[in-house]
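[1] predicted model and sequence below, questions to follow.
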Amino acid sequence: MTSAPSDGSQPLLVVPHGLRSAPALQIAEAASDLCDLLWLIDQSVPENAFTGRLLRKVGRVVDIAGLSQAEIAGLLRGLSPDGVVAYRDEDIMLLSFIAEELGLDYHTPEVARRLVDKFSQREALRDGGVPSPHCWEIPIDRSPAAVAGIAATVRFPAVLKPRVGSSGMYTMPVADADDLCRRVATLPLQAGGDAGMFVEEYLPSQAAGRSGRFADYLSVESLVAHGEISHVALTGRFPLAEPFRETGLFIPAEVSPAQLTAVLAVASSALVALGVRTGGFHTEIKLTPDGPRVIEVNGRLGGAVPEMLLQASGLSLVRLSMRVALGEEVDIDGLVPCSRVGWCFLVQPPTSAQRVVSVEGLDHLGECPGVNSVFLNRKPGDVIDWVIGTRHYVYSVYGVSDNYDELLEMNRYLQEDVSIAYE
């Protein structure tokens, strides 16, 4: 693909791009011989300057810096796109407006709000009869008296989190009413943004996985086309780093047949309750003594999921999501068969760490069987802060193993043979 306008021989797909988007070359490769790409990018953001030049090599670019949603839709109307797709939460509301204005199949603004606003999502899930945690809204002004009033009604232990956001940013446990009041009082002004914060009851755990080595929650990766739900894969997890930071993901998850049936049923119920009709979805579910319970539904593909599924099965989930966005009938009969285990490890600092001093042993990782890529996210000298959540991981490793035993062995290697010093 080139930066020249589409000649109309292929459909045109709108894809916003920015910080924490899926890799541009991954998207471009998935679009090959399927569609032309129309990138939306805010080039007033310094980090996007280089990215804009790259995007022009694999599609057409529209700079949306300083434009309103209506102005963006007006620009796109003359280009007659055939579909829209988001690969990060920040783009879902914008695309819902554009799709409504241009008559494209996507989330309605109401559905989009349920997908990005976790508090509104919980309300919709409960109204739809889906088992999910009870939750309480924190007043936007965070006045001590109002917070204390809310705290008196909360079921503890609980979790304090932003209504809008991802990766566990500003997400923290609260033990009781006094703890909740203290946590809210010490939150930075930017925590929760304009949407604010809320608190929800903490779901109890049920041991899962081999020898307790895997976490008690997983996610269901799904596609919805014209209202028809297809569950594509289950993503397993390694235990979280305190308080709620990802350390490792893998496909396929290790679950019993009974768990599989129950988890897929809950995921389907959640998607129906939210009213979704199209798109890719990443539904996080916790295994509790009372059965699987929905943690949250994300209205886009899960982070690292396409890479892991491609390694495990050879299937491009990004390409499938594009086909759905372009209005194709996509119906997958059961979970995609996986001949291997695709994985991603995210190595997190302790909560006491403030800065990376040194990282030793990464050079040898690339020589390990199955390792495909190693990325240093926080180099020596970089500041780290656990409240930023999963995003302040020190390094990531992607790869593939023949079985779960090899997966566990790779996890052991990372814990014992790579050394990180902090201050």
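    Yep, it's here.
[2] give the next helix or strand downstream of the helix or strand hosting residue 219.
    Here residue 219, judged by DSSP states H and E, is contained in strand 217-225. Sequence order places strand 228-237 as the next helix or strand after strand 217-225, per DSSP H and E.
[3] list the buried residues of stretch 125-132.
    125, 130-132 (16 or more other Cβ atoms under 10 Å). Glycine gets a C-beta too; all of them are placed from N, C-alpha and C.
[4] next one: stretch 261-279
    262-264, 266-271, 273-274, 276-279.
[5] could you identify the most distant pair in the residues you listed?
    262 and 278 (25.7 Å; Cβ to Cβ).
[6] returning to what we had before: can you tell me the strand partners of the strand holding residue 219 and which way each runs?
    Applying DSSP bridges, strand 217-225 is found paired with strand 228-237 (antiparallel), strand 279-288 (antiparallel).
[7] what residues does the last one touch?
    Going back to what we said before, that points to strand 279-288. Applying Cβ atoms under 8 Å, 6 or more residues apart in numbering, the contact partners of strand 279-288 are 85, 106-107, 203-206, 208, 216-224, 259, 263, 266-267, 270-271, 292-302, 305, 317, 320-321, 324-325.
[8] mind listing which of those residues are in strands?
    217-224, 292-298 (DSSP state E).
[9] coming back round to it: format the buried residues of stretch 125-132 as TSV; extra columns: pLDDT, distance to residue 199 and secondary structure.
    Shown next, in TSV, are these (pLDDT from 0 to 100; distance: Cβ to Cβ, whole Å; DSSP: H, G, I helix; E, B strand; the rest coil):
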residue	pLDDT	distance to residue 199	secondary structure
125	97	16	helix
130	95	19	coil
131	85	18	coil
132	84	14	coil
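[10] wait, what's in contact with the residue most central in space within the chain?
    Nearest to the geometric centre of the chain sits residue 302, at 4.1 Å (Cα atoms, centre = their mean). By Cβ under 8 Å, 6+ apart, residue 302 lies in contact with 219, 221, 235, 282.
[11] just flag the most distant two among those.
    235 and 282 (8.1 Å).
[12] name the single longest helix found in the protein.
    The longest helix of the chain (DSSP state H) is helix 257-274.
[13] who are the packing partners of it?
    Secondary-structure packing of helix 257-274 (3 or more Cβ pairs under 8 Å, 6 or more residues apart in numbering; DSSP states H and E): helix 109-116, helix 118-127, strand 217-225, strand 228-237, strand 279-288, strand 291-298.
[14] how far is stretch 298-316 from where the chain is centred?
    11 Å (Cα atoms, centre = their mean, to the nearest Å).
[15] let me redo that: stretch 281-291
    15 Å.
[16] list the buried residues of it.
    For stretch 281-291, by 16+ other Cβ under 10 Å, it's 281-288.
[17] ok, so of the residues you listed, who is nearest residue 93?
    Nearest to residue 93 among the buried residues of stretch 281-291, with distances taken as Cβ to Cβ, is residue 281, at 16.2 Å.
[18] what residues does the worst-scoring helix or strand of the chain on mean pLDDT touch?
    Taking mean pLDDT, DSSP states H and E as the measure, the chain has helix 48-56 as its least confident helix or strand, at a mean of 85. Contacts to helix 48-56, defined as Cβ under 8 Å, 6+ apart, come from residues 3, 17-19, 24-25, 37, 39, 41-43, 61, 63.
[19] farthest-separated two in these?
    The most widely separated members of the contacts of helix 48-56, counting by Cβ to Cβ, are 3 and 19 (22.1 Å).
[20] what angle sits between the strand holding residue 219 and helix 257-274?
    If you take axes from the mean of the first three to the mean of the last three Cα atoms, to 10 degrees, strand 217-225 sits at 50 degrees to helix 257-274.
[21] tell me, what's touching residue 235 and residue 282 both at once?
    With Cβ under 8 Å, 6+ apart, residue 235 and residue 282 have common neighbours 219-221, 302, 305.
[22] any chance of those residues in a markdown table, plus distance to residue 182 and pLDDT?
    Output for the shared contacts of residue 235 and residue 282, formatted as a markdown table (distance: Cβ to Cβ, whole Å; pLDDT from 0 to 100):
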| residue | distance to residue 182 | pLDDT |
| --- | --- | --- |
| 219 | 32 | 98 |
| 220 | 36 | 98 |
| 221 | 38 | 98 |
| 302 | 33 | 94 |
| 305 | 36 | 97 |
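[23] can you check those and name whichever has the most neighbours?
    Neighbour tally across these (other Cβ atoms under 10 Å): the maximum, 29 neighbours, falls on residue 220.
[24] report pLDDT for the residue lying closest to that residue once chain neighbours are set aside.
    Spatially, and ignoring its direct neighbours in sequence, residue 220 is nearest to residue 267 (4.0 Å; Cβ to Cβ, 6 or more residues apart in numbering). Residue 267 is assigned a pLDDT of 98 by the prediction.
[25] ok, residue 267 - contacts?
    In this structure, residue 267 makes contact with 220, 222, 231, 283, 285, 294, judged by Cβ under 8 Å, 6+ apart.
[26] and residue 310, how many residues sit next to it?
    19.
[27] how about the nearest residue to it once chain neighbours are set aside, phi and psi?
    In space, and not counting its chain neighbours, residue 310 is closest to residue 316: 5.9 Å by Cβ to Cβ, 6+ apart. Main-chain dihedrals, residue 316, degrees, to the nearest 10: phi -90, psi 100.
[28] distance of residue 316 relative to residue 44?
    To residue 44, residue 316 is 32 Å away according to Cβ to Cβ, to the nearest Å.
[29] perfect, I'm done here.
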